[in-house]
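Asker: just coords:
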């Protein structure tokens, strides 16, 4: 959904914004609207999921997690065609499990949607790393 090489993706670029934090910005095109002029809620959910997952990778771009739970709160309609901000935070890590949150900010700085997430470490065996590489996963240099 968010990869740079996904032909139908959002082309989000994520930035490591410090320990346990990631940020991204984007402008969602009309093809991802639900109601006219409003980003589809599933697309909003995907963006919030992705940025909190990227926060779990801060400091280690090869630390992969999967989402075990994602609880969303849609606060305002998120418009298409305007610059949006995304930020993800990891609040707690215990063993293989992390909890975090993410926010989608509208151009005026207000929160359009937010999420709380539980993430679980993806196995980091050499076989898994090879499979991810075969699937085209990679981290781009800044």
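Answerer: That came in fine, so what should we check first? All values derive from a computational prediction rather than experimental measurement.
Asker: Grab the most central residue of the chain for me.
Answerer: residue 50 (1.8 Å; C-alpha atoms, centre = their mean).
Asker: Give me the distance between it and residue 14.
Answerer: 8 Å (C-beta to C-beta, to the nearest Å). Every C-beta, even on glycine, is put in place using the N, C-alpha and C of the backbone.
Asker: what's the overlap in contacts for those two?
Answerer: residue 24 (C-beta atoms under 8 Å, 6 or more residues apart in numbering).
Asker: can you map out the strands along this structure?
Answerer: Under the criterion DSSP state E, the chain contains strands at 13-16, 21-27, 65-74, 83-94, 97-105, 111-121.
Asker: what sits against the nearest residue to residue 39 once chain neighbours are set aside?
Answerer: Using C-beta to C-beta, 6 or more residues apart in numbering and skipping the chain neighbours, the partner closest in space to residue 39 is residue 78 (4.3 Å). Taking C-beta under 8 Å, 6+ apart, we find residue 78 in contact with 28, 38-39, 44, 84, 104, 106, 112-113.
Asker: Okay then, goodbye and thanks.
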